[in-house]
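> the sequence and its predicted three-dimensional model are supplied below.
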Amino acid sequence: MLRRGGSRVVVCAMVAVAVVSAIALAGCSVPSGGTQLQSSSAGASNPQTSGWQQYANTDGDSSVREYEVGPDYIRVRFSDGSVYLYTYASAGESNIERMKQLARSGDGLNSFIMSNVRKKYESKQ
């Protein structure tokens, strides 16, 4: 299958196909520059906005429906349609980071809000 003279090109092409396939299977993307890999995992802290995510509500007892994570905030949408914005400035960095963890895990966010940051929101829509 490999030909003399062109074997390096074929091997390089096969390696490239394997790498791209592995990246696609792992749920990663190659930026336009092509030199760095960025995982699409929601578990890591991302300095950019992640967009609205459905809250898993693993216990089925939460009024939280969706959340949106930013570098220094979390926005929470409840079942009544209200949206609360909690920021580092309004609720404290450690509280916001804990809320992000709970949101991603799908359990405990509503309880944490009620116990720790209930009125420490920056805005309500």
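That came in fine, so what should we check first? Residues are numbered from 1 along each chain as shown.

> and the strands in this protein?
28-29, 38-39, 52-54, 64-70, 73-78, 83-87, 123-124 (DSSP state E).

> pLDDT below threshold where in this protein?
Applying pLDDT under 70 to the chain flags the ranges 1-49.

> and it, what are its domain boundaries?
7-39, 52-124 (automatic domain parsing).

> burial count for Gly60?
By other C-beta atoms under 10 Å, the residues close to Gly60 number 6. For every residue, glycine as well, the C-beta is placed using N, CA and C.

> show me the helices in the chain, by range?
Using DSSP state H, the helices of the chain run over residues 7-26, 88-91, 93-105, 109-112.

> just checking, what packs against the third one?
Here helix 93-105 is seen to pack against strand 64-70, strand 73-78, strand 83-87, helix 109-112 when contacts are counted using 3 or more C-beta pairs under 8 Å, 6 or more residues apart in numbering; DSSP states H and E.

> tell me which residues in that helix are buried?
For helix 93-105, burial by neighbour count (16 or more other C-beta atoms under 10 Å) applies to 95-96, 98-100, 102-104.
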